[in-house]
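1. Below: sequence and its predicted model.
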Amino acid sequence: MKTLVVCSGGLDSVSLACKVAAENQLIGLVSFDYGQRHRKELDFAAQCAKRLGVPHHLIDISSVGKLLSGSALTDIVDVPDGHYAEDTMKITIVPNRNAIMLAIGFGVAAAKKGDAVAAAFHGGDHFIYPDCRPAFSEAFEAMQKHALDGYADIALYTPFLNLSKADIVREGAAHGTPFDQTWSCYKGGETHCGRCGTCVERREAFDLADVTDPTVYADTDFWKGAIERAGA
């Protein structure tokens, strides 16, 4: 399939891009600047596209992001420390983010005569993010069939949908993903903080996958206590 990957520059989406490049026909990466405080992730998406030799389409929707207020990712709200299993992590939800990005991605893929749009939703996201769940993916793909009826037939490709983050690390390792050239931390500092939900999840995933984690964390030990407190 000629596949366009929605790539943030994070571990999941870069691993997905490497998987698609190995198994299908990767026609490009599409990334979004929605005003996220960890905008540096987009530099990692650009690097990924360059390594894989495909176009990188960076789309500025920051004016939309300003209206999606109340999230720790787009507003003046502290990013919480802890594990994703904690209710406090719901402050990182950006309302309708994935629906907005996928709608644009499907339009780009249709214009480029693509067959699929790939997104790196995974099982670990289901608790926090409603627009990463199987029901959303199925409904969105069905909606797009109607939206592009008679013009294009594009699938939503989500191979990680029911996998854990550790499974993604294993998949990424199998496809030679350069994990040190991905960015996860929501705080967007000089290095990964090691304390926010996505840092804890990342560190835990490498441990469960039994794969060496090349990431530099400002706090290297916080993740263990966060997992214990969450009962994860």
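-> That came in fine, so what should we check first?
2. so what's Phe206 up against?
-> 166, 169, 179, 212-213, 215 (Cβ atoms under 8 Å, 6 or more residues apart in numbering). In this view, the C-beta of every residue, glycine as well, is placed from N, C-alpha and C.
3. those helices in the chain, which residues are they?
-> 11-23, 41-52, 62-65, 97-111, 134-147, 165-174, 197-209, 222-230 (DSSP state H).
4. what would the ones you listed look like in a markdown table with mean pLDDT?
-> Shown next, in a markdown table, are the helices of the chain (pLDDT from 0 to 100):
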| stretch | mean pLDDT |
| --- | --- |
| helix 11-23 | 98 |
| helix 41-52 | 98 |
| helix 62-65 | 92 |
| helix 97-111 | 97 |
| helix 134-147 | 97 |
| helix 165-174 | 97 |
| helix 197-209 | 95 |
| helix 222-230 | 88 |
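5. can you redo those as TSV with distance to Ser184?
-> Shown next, in TSV, are the helices of the chain (distance: least, Cβ to Cβ, whole Å):
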stretch	distance to Ser184
helix 11-23	6
helix 41-52	8
helix 62-65	19
helix 97-111	16
helix 134-147	22
helix 165-174	10
helix 197-209	5
helix 222-230	12
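6. ok and the longest strand along the chain relative to helix 97-111, angle-wise?
-> Looking across the chain with DSSP state E, the single longest strand is strand 25-33. For strand 25-33 against helix 97-111, the angle by axes from the mean of the first three to the mean of the last three Cα atoms, to 10 degrees is 140 degrees.
7. For the closest residue to Val169 other than its chain neighbours, which residues are in contact?
-> Distances taken as Cβ to Cβ, 6 or more residues apart in numbering place Ala209 nearest to Val169, at 4.0 Å, with adjacent residues excluded. Applying Cβ under 8 Å, 6+ apart to Ala209 gives the contacts 166-167, 169-170, 173.
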